[in-house]
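Chemist: only geometry, no sequence info:
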């Protein structure tokens, strides 16, 4: 049996309901989520044992975030309560030709203030088999990056598998370091990476290669190159997203392992209820496949991609679907018929 | 002037608002509806005199269901108040690649407990010209099937036209009988049936024929075969539904009478506000056409199909459109321009 | 620096929320808007100084309409408070094959009762450079038409540019005069007109010409003809709208000036949040371009058309977008990607 | 068996939800009601056969008002569809020290434009035993007053009992006549009046007497005086209202008949959900008692007063209570215990 | 450290929002709760380890009820998934003189169909120190009563303390047995009972004594009498409730132990947000006090009563307060000042 | 004509709707307000010219706060856009025995980061006659305190009247200074202070005196003492608040000037819609009275107190009442009758 530990930030997300703009909102929908938490919640929905590690302020708002972990049956035994605030972001959800807009208010959050030694990683990883982190945490502050590296090293030492969602956010990384100064050391220990080729190159401080994704040989060459740059890396996953407009997208997925490329069917998504967390849904599906489908990598990439597609239809950050829901989506090609 | 009696169940429908999943709902929208009631409400909207017959519990929830009959100007003079509960179903409304989900909680409803003699059918049919029933009622319980047959025989004896929506629901039929043990006798009296070829075959206990609907001659052959199996049957209607996904469907319709096949235009439905009751909307339009458009069968199938298409745009079980709305939809090919 | 004065009606708009029909509504969303006000609000959003002139009843409902001017930073120093009521209209918002429906209740509004002398136009136009009016105001009552002409003449005399949205509404013009009896004199002073060719012909009392808009030479011929009919006219703008259905439309735009035709890209709009005010959004964008983009008429028509497209995604009458939003829509071709 | 006809206006009522002020409302709750309709709905709830007569515009908004009659099982067979608009009023619901505010927008409503001969009163009153009207209708316009008198005379001629709620509204009576010029002739035919002593005096064009209601003899003297002024009058009812503040009121009731004064218990109302229609609830209870409780006048005034008290707890204009609810309120003295 | 097991039903509760009546509701608020679950949730809020035992249907609605246990951090490891449905009840929340109304639809629920042997009580009670059950479970069905007795005996055998909330519901007990035929044997094992004197007498099949609660000696006599009737009983708690009206209640509490009577301050509750679960809040507070405050019985009854008072201010079945909230309520006498 | 400048913070306030607790909220009502802004909005509602000075982040959330100034017709010409975030606070609104709870998240707001020289006070005060500030601003940061003193000195130099709401918040003052180290110098310039005696003493670093407010002579003595401590001070106002519970409060007010004490009637407030901003409503009313009622100090304190009482009935921070509303409240003693 697997037990997956994920580590990162959980934020309060505030969004005007009913397609309204910020200037029209007299109320905001409130959701508590964050990339690494969303991955844990996905895995928990599929029946995997999970533990989410973060720092939350010790006030009523921190309690609300903590409650979200219980709601999704995600372990919370190692969450620490310290610091002053939960990070917040505001999102105005777009439609058709109008894009969504994000305003971050996440500086000085509890998680950005953590320091080495705040978490007992040895204890945290005791029964665990896998550790997942993302590129958001080292983007928050030097000390958060330090703690993340501390966790990675302990996970590696204790023999856990390690996965990373690169998750580059240009509005973060405000503390004076660029990704290439921080990420390469951290990625040395990753077995699985989620990210497209050029984001990975960028994080490693390499030149972008502007891959032609329709050229399979070229793509395989780039992936092989990446695999060779990172000693522990054996698997790379990525999503294809075609943005017709804010309400209409096409989603495909791709998995590279042992010099082979596996591609999933593309799903047509229209309308789009909530784009946030779709990458995390892919990551959750990918990890679930890697951990439980054995060598059936086609099934894994199909599962990850269908999970990602389904997330677009669900309000909030978390992919509230079961394993059966995802399999049915695959087998019905997303035609979504009702059974009565 | 026509007066149509319909007989069947009215249920409480509970659904999370705003695309939410059951697990996200802190409130449910509540609607009172049911196939045969929805047909009566459609006919009433078009100006036909109707009477809906059912059994409702004698409590405040039964009162709410009764109020729905008044709201839609459907006759309720022969509804009996007995039994313990109104049937309930929960529906989680899907979108794009996510299918809707239905959870039934309709066992032991008042209507499932009715027995022969509970209704005075002779009185009920006194001024009526038409009787409509569906395959849902005999699927509820043996005694409900008995009462339905009792009604059918009296309607037949008193010279009413009879129509039946086959409406097969695999989650019903839990009382130990299969459709083919119950339905064939009941269908002996039907003049009009709504159902595709294989559903009809199945209900009659025949082998499925997997018709190729694009082959007109083949289809006509199958319909002729069905007509010959049932002595009173002269007209069959059916809808074509192409489910692109949960938010995007294509709807067509077909009418068979006197060896001729009449087809309506296909409508593109996107988005889809509410799929429930779209078959009933078709049935209501079909009956309206048959009763009032005389031999203009092309107009009848156009009307039924446009009524069905329009229903997809309306929240709730009932097709809240007038005759004028349907005719405008036909004449504008569904382009839905505003008149200011 | 420009200062634009617009003159016309502001109405209370009441609409059932969540796709509901009138008969399902237990509450109405309320919005205060009107064509000429919406144009002023658009211009204000782009940074232009504006003044909106109207008559409002001196009660709490009139106060609400007045508050809307402040909300959008539109000048209100010359609004008069008199008369008995704010005009109202009810709109049931359609979707897919179901059209929206409008019920007007705007008779006897304060603005319809205004009389010559009620406004001090010389004072109003003192610092202004442009005056905008539409065909709605003269359609309300003879006295409103008289006041409108009074304003036009003063604006002309004081050297302001004048623009007119023809905005023909067949449900108005109930006071005994046809457009051709009123509009020709008023249009003598217009420099810019928004309207398609046949609406303009109709308003001028000319025969319709049923132009073939795909034939550029024919279209240019008709526009030239119109320009020659009106002494001050030099620019004509119009929108192309293709109504696939109530939720799916295609929007293009066209500008004619100095014998040249400028066309904008067509935008695909799906879903459609709110169609009301999309023409005003075009007008607002057109005026902004004409006033600030100089001779770059291609940029002007692109701006007007993208502004119009964006408005479809925004609830309410007013186009709540900035200049930057519109320019981003143009440069991204409406693909609406998020920046995080 | 009784059948009661009521005649008057039904209005659209628009109110900000959740204690909000007009200036804070982005939506309004919508209710269709009116004094005489509310009385009919009350009687219908108690099981009395009713018919409500009015004029409604023949549009979708008129349809909504018509639907309200069905919802409350009130007869609508003699409603005429003519004129241009439904009257509207806006109400901002106060609380504690803040009073509710009403803005009327009811001029030029369909009912205000009715004329003698529009209704076939002989047909309307054919099976009826009672006619109820109020002082609102003659306050709307001269022609509405004329029609009301026409109805009164026919009701009197055909032997119906007649009741009148004086219902003085100072914001009405704008058509050039004062109540004393219109009401005395109409009241000649009333058997039952609802109104306090000074309102009655005022409507009859008499001097106010400023009665001391705690002095029973004085009050009886005034009532006797009123009885003697109107030939058909035998019963007077009135409510006592003590307004502690907008959320806290005390309600008592009083009935005078055959020189005897009957008083009901006072109810303490806090909070107050909706004050509108509480007088109509009293009137409905009073009529119900007079028609069905025979000489038990104490029971009648208790019923009317408890019905009025209960209405304060119910949102909307109509008193959604049954006879059993009212009797339970009386027997429990309003302590409102739950039965589980 | 204590661990408390509670056993009973969890229901879906459906209630119209905003003071509306059933007939006005177009949506229902949905809550999952039940007496014994509510007690567990209260204890969990105070930091006690809890385990809730029930049977839930294995469908999406059962999942929602299960999610509620996680939300309140109540143990759910021994919940079984079987049977067909979750019990439902509808509640219309009253105000001022209008009482709340309850409609039960809980027959044939999963819990009512449980049978002896369905639960492994020895395993369930392994680490537990206390068992709590209520009079609702034996009121559901004979087999539910049998299972409850099975649990009680095992708890007794394994040395757990046992508490019982008598919780008499006259609308239950429909399976042919009266309380006095079932409850006496079960109550033999109770150490703590929550119930007033006459309810206890009734459940034991004794004559009611109509105690005068203001007479302390008389009350103590009755309690002593009860204590002597049940061999294991040592503590009795009860609430005093004075129902001024549906929105205004006064709440006091009383504890009897070792021939001594302890009384708490009375709290004035106005308004009353939600009365459901206030008894369970008292029970939760009582158990918490008994388990953690040692011999400080005055503190215990103060805690139970303040917890009960606070619950009236909280929407839903569960008392969402912490230990600190309750203590602050006691120390501030319910004056509810804000700390900023 | 007066023009009042106020200076301070505007915050985003987020509160669960409908009496819910934080842990129950799936959405928050959003309001933009702050003490000094609320005072300006009150004055603007009464017809006084106002200007509000603050710092807002230059993002979409800052735009929303800016929009609030326009909504209330408060001048915003000197607001600067700088810094990273708008301060936020969360408030859970209590009822009956449950207190409201506040969680601040206002650190590092734009206003807390302002520095001397950021505002051009000479320009700001050019046409102004009065300057109002509160004890919140110097509690935010040393630099905010510095800017506040800078403003005060300039106002004093330019001859403006100066008022101060002491507004002590124990959760602020976190930057290492106590009030007595900062406030005495600032208060040297105040002409009017709002605050009770002991808060004033505390802010001045004096011993508390625990005044017996029912002893008029004692109170006058303390006030005289305060007047003598501050050279420019001539007027002190304070509110009396009796907190029966969270939903029921009594509000009185008191004004001291020239050795005379003026007291207003006490208002009974029940229910209490929103307590936030009631002190600001008092301050707004007090300033309005001082500026416009001349020597009629009784009228002034009555106005301030009634304004404060009314605010309790209004959702949000701002007192949305007119001068007429306040005067009517005074003349009706808060009985809140409706005029129809």
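Modeler: Structure's in. What do you need? Keep in mind the model is a prediction, meaning the values are calculated, not measured. Numbering: from 1, shown residues only, chains lettered A, B, ... in the order given.
Chemist: any idea how many residues pack against whatever residue of the stretch 201-340 of chain A ends up closest to chain C?
Modeler: Proximity of the stretch 201-340 of chain A to chain C (CB to the nearest CB) peaks at residue A:246, 3.6 Å away. Where C-beta positions appear, they are placed from N, C-alpha and C, glycine not excepted. Neighbours of residue A:246 under the rule other CB atoms under 10 Å in any protein chain shown: 23.
Chemist: roughly how far does it sit from residue D:94?
Modeler: Using CB to CB, to the nearest Å, residue A:246 is found at 42 Å from residue D:94.
Chemist: check residue A:124 too.
Modeler: To residue D:94, residue A:124 is 57 Å away according to CB to CB.
Chemist: and what of residue A:192?
Modeler: Residue A:192 sits 62 Å away from residue D:94 when distances are taken as CB to CB.
Chemist: now do residue A:181
Modeler: 62 Å.
Chemist: which residue is nearest the middle of chain A?
Modeler: When CA atoms, centre = their mean is applied to chain A, the residue found nearest the centroid is residue A:280 (3.3 Å).
Chemist: that residue touches residue A:317, doesn't it?
Modeler: Yes - if you go by CB atoms under 8 Å, residue A:280 and residue A:317 touch, sitting 7.3 Å apart.
Chemist: identify the contacts common to the two.
Modeler: Residues touching both residue A:280 and residue A:317 (CB atoms under 8 Å, 6 or more residues apart in numbering or on different chains) are residue A:38.
Chemist: mind checking the SS state of residue A:50?
Modeler: Put simply, residue A:50 is strand when judged by DSSP: H, G, I helix; E, B strand; the rest coil.
Chemist: okay, now it: neighbour count?
Modeler: Neighbours of residue A:50 under the rule other CB under 10 Å: 28.
Chemist: and what of residue A:25?
Modeler: By other CB under 10 Å, 20 other residues sit near residue A:25.
Chemist: distance of it from chain F?
Modeler: Applying CB to the nearest CB, to the nearest Å, the value for residue A:25 to chain F is 6 Å.
Chemist: that residue and residue F:29 touch, don't they?
Modeler: No - assessed by CB under 8 Å, residue A:25 is found out of contact with residue F:29, at 9.8 Å.
Chemist: and the single nearest residue of the stretch 51-200 of chain A relative to chain E, what does it touch?
Modeler: Going by CB to the nearest CB, chain E is nearest to residue A:70 of the stretch 51-200 of chain A, at 4.8 Å. Neighbouring residues of residue A:70 by CB under 8 Å, 6+ apart: A:76, E:70-71, E:73.
Chemist: these into TSV, with extra columns for pLDDT, secondary structure and distance to residue F:224?
Modeler: TSV is the format used below for these (pLDDT from 0 to 100; DSSP: H, G, I helix; E, B strand; the rest coil; distance: CB to CB, whole Å):
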residue	pLDDT	secondary structure	distance to residue F:224
A:76	98	coil	59
E:70	97	helix	62
E:71	96	helix	58
E:73	97	coil	58
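Chemist: which of the residues you listed has the largest number of neighbours?
Modeler: Counting neighbours by other CB under 10 Å, residue A:76 leads the contacts of residue A:70 with 20 neighbours.
Chemist: need the contact list for the closest residue to that residue other than its chain neighbours.
Modeler: Nearest residue to residue A:76, sequence neighbours excluded (CB to CB, 6 or more residues apart in numbering or on different chains): residue A:69, at 4.1 Å. Applying CB under 8 Å, 6+ apart to residue A:69 gives the contacts A:37, A:52, A:75-76, A:79.
Chemist: most widely separated two among the residues you listed?
Modeler: Distance extremes for the contacts of residue A:69: the farthest pair is A:37 and A:75 at 11.2 Å, using CB to CB.
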